[in-house]
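Colleague: have a look; sequence and predicted model below, questions after that.
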Amino acid sequence: MNRKSVIGVLLTVCATVWLLGTGPGNVPSRHYRVSGDLDTPRARALAGHMDAVFDEFGKRFASFPAKNSKQFGLHLFASEEAYLEFLRGKGFDASNTAGIFFFIGGEAGLATFIDGQAERRMLHTLQHEGFHQFAHVRIGESLPIWANEGLAEYFGEAILVRRVLRTGVAPEGRLVVLRERLRRGDGFPLEVILEMSNEEWSALVTRGDPRAGLLYDQAWSMAHFLVHAKNGLYADAFVVYLRAISEGAEPADAFARAFRGTPAEMDKAWQTFVLEEWQADPIGTAAERLEFIAEGIGAFAQEGQSLTSIGQLQSWMQERGMVLTRTQHGVSRVTSAMDDENFRAPTVPGTRRQPVLELTAADKASRLPGARITGLEVMVTLVWVRAGDGFQPEIRFH
């Protein structure tokens, strides 16, 4: 069977199409040709971020040679309107997307916008779609959908710390949802996932199947399992599997070539890993909780009161029963103020001094307090940055 990858939003057009946009100035990048209308400092920062992400792609998949030395397109826009207009010029509607990979006229392009969306969501999308772009060029179009989306989510969750991409990040909230669904028996058998076609996957997503979001969470966890479980026991075999696919092997033949045991045996090992062995990453969890805190700070500020502590914010949010709903890949994840854990720093087993979550002084421009979590391997902070006519939260790692 000819299996062509569904890579982000994939559009193939034979005509030559304008690709460079208006340009944010001469933005240096080792791996990307940068265009769009984003101001130069922010475009430079994002280009540097994606260079570090690309470096990690290249390191992990060094045995997959580049087919050419051409830089990838990275199209960065300030507003959603400019982003949508740019992509309409390519012939398709990108409404309700935070960023996409597209293939047009032989150009593998990556596009996103900044204003109006949380930075962590935008970076997750950019890293996710960036992997699709890389895989399309370096691994090939026949990559099975579960591996393509699973690895894209694996890299999407990664965090850039001191110019190095920290992978293997597993936020507690996402892991909890996945475990709950597996315990209910909602999961897809591994054998079904391995053989699922792009068309079957897309049909589940587009018709609003309640298990559509689980496809992405399950594929993400499978990629994490194959890279990290049992101190990387399966990591080399996973590369063998991907190489066999890139050389034209059918998924079942590639699996038999790469892994010992049957898909059913691998399924059992994967479920044991997810349900019993996998530990949430405290830095990813810290970022997840600060995103929730940011929503509360923004809502509190609208009442014109002075916020002095996390405890005060917690009481205020709980009195109102506040929840934050994030929808990604068709699945909604609800974070509730009624869960006290969302107002605490994540714990680190085996250490005496536990991390601390606290407010920081209000920013002079936004007049909004920030927050930080100290005591982890990395300090995680919430700050406010100008976006359009207002301010939006940004999570930073130091």
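Modeller: Yes, it's here.
Colleague: His49 is in contact with Leu123, correct?
Modeller: Yes: if you go by Cβ atoms under 8 Å, Leu123 and His49 touch, sitting 7.1 Å apart. Where C-beta positions appear, they are placed from N, C-alpha and C, glycine not excepted.
Colleague: neighbour count winner among the two?
Modeller: Shown here are Leu123 and His49; by other Cβ atoms under 10 Å, Leu123 has more neighbours (24 against 17).
Colleague: what sits against the more buried one?
Modeller: His49, Leu160 (Cβ atoms under 8 Å, 6 or more residues apart in numbering).
Colleague: related to what we said a few turns ago, who touches both of Leu123 and His49?
Modeller: Joint contacts of Leu123 and His49 (Cβ under 8 Å, 6+ apart) are Leu160.
Colleague: would you map the strands across the stretch 201-350 of the chain?
Modeller: 323-328, 331-336 (DSSP state E, counting those that start in this stretch).
Colleague: could you export those as TSV, including mean neighbour count and mean pLDDT?
Modeller: As requested, the strands of the stretch 201-350 of the chain are exported to TSV (neighbours: other Cβ atoms under 10 Å; pLDDT from 0 to 100):
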stretch	mean neighbour count	mean pLDDT
strand 323-328	14	80
strand 331-336	15	79
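Colleague: any chance of the ones you listed in TSV, plus distance to Arg372?
Modeller: Below are the strands of the stretch 201-350 of the chain laid out as TSV (distance: least, Cβ to Cβ, whole Å):
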stretch	distance to Arg372
strand 323-328	19
strand 331-336	19
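Colleague: so who does Val164 touch?
Modeller: Per Cβ under 8 Å, 6+ apart, neighbours of Val164: Ala52.
Colleague: phi, psi for it please.
Modeller: phi -120, psi 130 (degrees, to the nearest 10).
Colleague: tell me the bridge partners for it.
Modeller: On the basis of DSSP bridges, Val164 is bridged to Val161.
Colleague: measure it to Val27 for me?
Modeller: Counting by Cβ to Cβ, to the nearest Å, the gap from Val164 to Val27 is 21 Å.
Colleague: cool, Asp253 as well?
Modeller: 44 Å.
Colleague: swap in Met122?
Modeller: In terms of Cβ to Cβ, Met122 sits 17 Å off from Val27.
Colleague: between those two, who's got more neighbours?
Modeller: With neighbours defined as other Cβ under 10 Å, Met122 and Val27 compare such that Val27 has more, 23 against 19.
Colleague: helix, strand, or coil at that one?
Modeller: coil (DSSP: H, G, I helix; E, B strand; the rest coil).
Colleague: that one touches Ala45, doesn't it?
Modeller: No: if you go by Cβ under 8 Å, Val27 and Ala45 don't touch, sitting 9.6 Å apart.
Colleague: off-centre distance for stretch 297-317?
Modeller: On the basis of Cα atoms, centre = their mean, to the nearest Å, stretch 297-317 sits 29 Å off its chain's mean C-alpha point.
Colleague: equivalent analysis for stretch 39-58, please.
Modeller: 15 Å.
Colleague: how about stretch 274-289?
Modeller: 15 Å.
Colleague: now it: buried residues?
Modeller: Val274, Trp278, Ala280, Asp281, Pro282, Ile283, Gly284, Thr285, Ala286, Ala287, Glu288, Arg289 (16 or more other Cβ atoms under 10 Å).
Colleague: now the helices for the stretch 201-350 of the chain?
Modeller: Applying DSSP state H, counting those that start in this stretch to the stretch 201-350 of the chain gives helices spanning 212-232, 235-246, 251-258, 263-272, 282-301, 310-319.
Colleague: would JSON lines of those helices with mean pLDDT and distance to Ile100 be doable?
Modeller: Shown next, in JSON lines, are the helices of the stretch 201-350 of the chain (pLDDT from 0 to 100; distance: least, Cβ to Cβ, whole Å):
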{"stretch": "helix 212-232", "mean pLDDT": "93", "distance to Ile100": "16"}
{"stretch": "helix 235-246", "mean pLDDT": "94", "distance to Ile100": "23"}
{"stretch": "helix 251-258", "mean pLDDT": "92", "distance to Ile100": "26"}
{"stretch": "helix 263-272", "mean pLDDT": "94", "distance to Ile100": "30"}
{"stretch": "helix 282-301", "mean pLDDT": "94", "distance to Ile100": "22"}
{"stretch": "helix 310-319", "mean pLDDT": "96", "distance to Ile100": "34"}
